[in-house]
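*Asks:* Need a 3D model of the sequence below.
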Amino acid sequence: MQLQFAMDTLTTEKALELAAAAAPHVDILELGTPLIKAEGLSAVTAIKQAHPDKIVFADLKTMDAGELEADTAFSAGADLVTVLGLAGDSTIAGAVKAAKKHGKGIVADLIGVPDKAERAKEVTALGVEFVEMHAGLDEQAEEGFTFGTLLQDGESAGVPFSVAGGVSTATIKSVQDAGARVAVAGGAIYGAPDVGAAAAALRAAIV
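*Replies:* Predicted coordinates:
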C-alpha cells in the first residue's frame with residue numbers, strides 16, 4: 001500500500017518545506033485544493049521539480065471542463081488529478097482522455113457521493129486510475145461520522161481505492177486490511193511537531 005501526504009497549506013513555500021521533510025517516507029505528494037486555489041498550478045510545477053521521483057497529485061476536484069482542467073494540470077507536472085465523483089460522466093471521461101494523452105492518471109474523489117460503492121464501480125468503468133473514499137474536514141466534524149464507513153465502502157466497491165479522512169497511525173493498519181491501494185494522510189503528518197517523524201511512523205505502520 002502506498003502512502004500519500006495531503007499538504008493542506010496555502011503557500012508553495014510551506015508546501016515545499018513540508019514535502020522536503022516527508023518525502024523520504026511517502027510515495028505520493030498531494031497539493032490540496034486550497035493550495036492550488038491560492039497559488040495556482042505553479043505550485044504543482046514547483047513540487048514536481050523539487051521531487052521528480054515522487055508521484056505528484058493535484059487535487060483539483062474538477063466538476064466541469066474535465067478534459068481542459070486535467071490537461072492543464074498534467075502539463076504543469078501533475079501525475080494524478082482528481083475529478084469529483086459527483087461530476088457528470090462526460091466530465092470524467094474528458095479528464096480520462098487528457099490523462100491518456102499525457103500517460104498519467106485520474107482519481108475520482110467520492111466526497112459527498114451518497115452511494116460511494118456504486119459510484120466507484122461506474123467511474124472505474126469510465127477509466128479512472130482509482131477512486132478516493134473521502135470524508136472531508138467538514139464531514140469528519142459532523143455528528144455520527146465513522147471512519148469505518150469509508151473502509152466498508154472501499155471493500156464493497158471491489159475496485160482500486162484510496163482512503164482519505166482520518167488516516168493516522170491508529171487507523172492505517174485497518175486501511176491496509178481493507179485492501180486500499182493508497183492511504184492518504186494529511187493532518188496526521190503536517191499537524192505533527194516533527195513532520196518527518198510523523199511520516200516515518202505512518203510508513204512503519206504499513207506492513
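
*Asks:* In CSV, list the C-alpha atoms belonging to the longest strand belonging to the chain.
*Replies:* For the chain, the strand reaching the highest residue count under DSSP state E is reported as strand 55-62. Extracted C-alpha coordinates of strand 55-62, given in CSV (Å, rounded to 0.1, in the frame of the first residue of the first chain):
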residue,chain,number,x,y,z
ILE,A,55,4.0,11.0,-7.7
VAL,A,56,2.6,14.5,-7.7
PHE,A,57,-1.2,14.6,-7.0
ALA,A,58,-3.1,17.7,-8.0
ASP,A,59,-6.4,17.8,-6.0
LEU,A,60,-8.4,19.9,-8.4
LYS,A,61,-11.8,18.4,-7.5
THR,A,62,-12.9,19.2,-11.0
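
*Asks:* Next secondary structure after that strand?
*Replies:* As assigned by DSSP states H and E, the chain's next helix or strand after strand 55-62 is helix 66-75.

*Asks:* Now the longest helix along the chain - C-alpha only, PDB.
*Replies:* The single longest helix within the chain, with elements called by DSSP state H, is helix 89-102. The C-alpha trace of helix 89-102 is given here as PDB (Å, rounded to 0.1, in the frame of the first residue of the first chain):
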ATOM      1  CA  ASP A  89     -19.900  11.000 -16.800                       C
ATOM      2  CA  SER A  90     -18.800  13.200 -19.700                       C
ATOM      3  CA  THR A  91     -16.700  15.400 -17.400                       C
ATOM      4  CA  ILE A  92     -15.000  12.300 -16.000                       C
ATOM      5  CA  ALA A  93     -14.500  10.800 -19.500                       C
ATOM      6  CA  GLY A  94     -12.900  14.000 -20.700                       C
ATOM      7  CA  ALA A  95     -10.500  14.000 -17.800                       C
ATOM      8  CA  VAL A  96      -9.600  10.400 -18.500                       C
ATOM      9  CA  LYS A  97      -9.000  11.400 -22.200                       C
ATOM     10  CA  ALA A  98      -6.500  14.000 -21.100                       C
ATOM     11  CA  ALA A  99      -4.800  11.500 -18.800                       C
ATOM     12  CA  LYS A 100      -4.300   9.100 -21.600                       C
ATOM     13  CA  LYS A 101      -2.800  11.800 -23.800                       C
ATOM     14  CA  HIS A 102      -0.200  12.500 -21.100                       C
END
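
*Asks:* what is the orientation angle of that helix with helix 66-75?
*Replies:* Helix 89-102 runs at 30 degrees relative to helix 66-75, counting by axes from the mean of the first three to the mean of the last three CA atoms, to 10 degrees.

*Asks:* Just checking: what are the partner strands of the helix or strand just after helix 89-102?
*Replies:* Later in the chain than helix 89-102, the nearest helix or strand by DSSP H and E is strand 105-109. Its sheet considered, strand 105-109 pairs with strand 80-84 (parallel), strand 130-134 (parallel) by DSSP bridges.

*Asks:* Determine the angle, from 0 to 180 degrees, between the last one and strand 55-62.
*Replies:* Okay, so that is strand 130-134. Strand 130-134 and strand 55-62 are oriented at 70 degrees to each other (the same axes, to 10 degrees).
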